[in-house]
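S.K.: Give me the fold of what follows.
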Amino acid sequence: MRVAVVILNWNGKSFLEKFLPSLFNSLPDYAELIIADNASTDGSAQASTLNDRIQWIQLDKNYGFTGGYNRAFAQIKKQAEYNYYVLINSDILAIDRWLEPIVDFMESHPEVAACQPKILSYNHHQEGIEQFEYAGASGGFIDKWGFPLCRGRILSSVENDCGQYDTPSRCFWASGACMVVRTSIWHLLSGLEEKFFAHMEEIDFCWRAANAGYQVWCLPQSKVYHVGGGTLPNNSPRKLYLNYRNNLLMLWKNLPKKHRNTKIFLRKCIDGLSAVCYIFQGKFSYFKSVIKAHRDYSRMKGDSSPSPSLSASESKKQALPYGMLPFSIILKFFTGHKKFSQL
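M.R.: Residues are numbered from 1 along each chain as shown. This is a model prediction of the structure:
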């Protein structure tokens, strides 16, 4: 058994210095810790010298989350054979034995392509509060229009963790903040979609895995604490742009042909309404982000093809993948359904 645990770093020296020791010390003997650096300029490489058993992969420029991980795992594959890859952010506080339950689960469930732990907020943990972290919580889902949600987080409403989602659960997507992926499936699906650069890429990957007949799970018996927003703050117009653009690209790539155009048209209408709301709120940079996202999506989709795994699922006449909920989460949210257990 061999597991490659890979941090993709970009100017995260302070996070590496703070969290790297706990991550290294939490790993079992079969796991190797590797840092792939997206051409940082903050002296991040100095943090890797804290332990000479941590491998450093230096990339020549910032390829984003998607390109960075694709290049890192391609290089790692040439060096050794691994059973699993772990994508983990530099701003994660790891707890002892967080990895073993997931690996044990995936070893006994070969149909599972990816799995995540329960992801809690590091900042709230420091205040003595156990609250789910926005990016992943206790397993991800999407609604009928492609909007993501989690067990423990619906839109802006994030729940405290009271053990209400501690049951292992099949889900739609696992968070790229901390995701264990079966190596064979990673290479079968050619890794992450590089056009995304960052954001929504893990949802796209999990959707492609589902179209290929595999499952995605959350195993809450494992947990980590995530700072969140370390690279792009949650209120960043750039982050908003990437989310809107990549969500449309994800729908284009993965929706069955018979639903694709209608659903994307209606989704763009919903996006348009949100853009108008940003104008009334005085958030003109957000409005511009939505418009730019739609314009760039229209340009980029011409260079994108539907996922090969989608063709396989359509030929088998498979139903829409598990975890795509048959309603609008926005309507649910604004009619009082702000907890996953209320859906």
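S.K.: which phi and psi does Cys115 have?
M.R.: phi -150, psi 140 (degrees, to the nearest 10).
S.K.: What is the burial count for it?
M.R.: By the criterion of other CB atoms under 10 Å, Cys115 has 28 neighbours. All C-beta atoms are positioned from the backbone trio N, CA, C, and that covers glycine.
S.K.: so it touches Leu219, yeah?
M.R.: Yes: between Cys115 and Leu219 there is a contact at 5.7 Å, judged by CB atoms under 8 Å.
S.K.: Overlap in contacts, the two.
M.R.: Listed contacts common to Cys115 and Leu219 are Ile102, Phe105; contacts here mean CB atoms under 8 Å, 6 or more residues apart in numbering.
S.K.: low-confidence ranges in the stretch 201-343 of the chain?
M.R.: Low-confidence segments of the stretch 201-343 of the chain, defined by pLDDT under 70, span residues 230-234, 309-319.
S.K.: now with 80?
M.R.: Along the stretch 201-343 of the chain, the model assigns pLDDT under 80 to residues 229-235, 304-320.
S.K.: can you give me the strands for it?
M.R.: Using DSSP state E, counting those that start in this stretch, the strands of the stretch 201-343 of the chain run over 215-226.
S.K.: And the stretch 51-200 of the chain, by the same measure?
M.R.: With DSSP E, counting those that start in this stretch as the criterion, the stretch 51-200 of the chain has strands spanning 55-58, 84-88, 92-94, 112-121, 140-142, 148-150, 153-154, 157-158, 169-171, 178-182.
S.K.: Pick the most deeply packed of these.
M.R.: strand 112-121 (a mean of 27; mean count of other CB atoms under 10 Å).
S.K.: That strand to strand 178-182, inter-axis angle?
M.R.: 170 degrees (axes from the mean of the first three to the mean of the last three CA atoms, to 10 degrees).
S.K.: name the helices or strands packed onto strand 112-121?
M.R.: Under the contact definition 3 or more CB pairs under 8 Å, 6 or more residues apart in numbering; DSSP states H and E, strand 112-121 sits against helix 100-108, strand 178-182, helix 201-211, strand 215-226.
S.K.: relative to strand 112-121, how tilted is the third one?
M.R.: Angle between the axes of helix 201-211 and strand 112-121 is 150 degrees (criterion: the same axes, to 10 degrees).
S.K.: CA atoms of helix 201-211 as CSV?
M.R.: This file holds the C-alpha atoms of helix 201-211, laid out as CSV (Å, rounded to 0.1, in the frame of the first residue of the first chain):
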residue,chain,number,x,y,z
GLU,A,201,-12.8,21.3,-10.6
GLU,A,202,-13.4,18.7,-8.0
ILE,A,203,-17.1,18.7,-8.7
ASP,A,204,-16.5,18.2,-12.3
PHE,A,205,-14.0,15.4,-11.6
CYS,A,206,-16.5,13.6,-9.3
TRP,A,207,-19.3,14.0,-11.9
ARG,A,208,-17.1,12.4,-14.5
ALA,A,209,-16.3,9.6,-12.1
ALA,A,210,-20.0,9.1,-11.6
ASN,A,211,-20.7,9.1,-15.3
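S.K.: ok, the residue in the chain sticking out farthest from the centre to Lys239 distance?
M.R.: Computed with CA atoms, centre = their mean, the residue of the chain farthest from its C-alpha average is Phe280, at 31.0 Å. Plainly put, Phe280 is 21 Å away from Lys239 if you go by CB to CB, to the nearest Å.
S.K.: Verify the stated contact: Ala47 with Pro21.
M.R.: No: using CB under 8 Å, Ala47 is not in contact with Pro21; the gap is 9.9 Å.
S.K.: of the two, who's got more company?
M.R.: Neighbour count, other CB under 10 Å: between Ala47 and Pro21, Ala47 has more, with 26 against 14.
S.K.: which ones are touching that one?
M.R.: Taking CB under 8 Å, 6+ apart, one finds Lys13, Leu16, Glu17, Leu20 in contact with Ala47.
S.K.: how about a markdown table for those, with neighbour count and pLDDT added?
M.R.: Below are those laid out as a markdown table (neighbours: other CB atoms under 10 Å; pLDDT from 0 to 100):
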| residue | neighbour count | pLDDT |
| --- | --- | --- |
| Lys13 | 18 | 93 |
| Leu16 | 25 | 94 |
| Glu17 | 14 | 93 |
| Leu20 | 23 | 93 |
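S.K.: From those residues, which land in helices?
M.R.: Lys13, Leu16, Glu17, Leu20 (DSSP state H).
S.K.: Can you tell me the element the spatially closest residue to the third one that is not a sequence neighbour falls in?
M.R.: To tie it back to what came earlier, the one meant is Glu17. The shortest distance from Glu17 to any residue other than its chain neighbours is 5.0 Å, reached at Ala47 (CB to CB, 6 or more residues apart in numbering). Per DSSP states H and E: Ala47 is located in helix 45-48.
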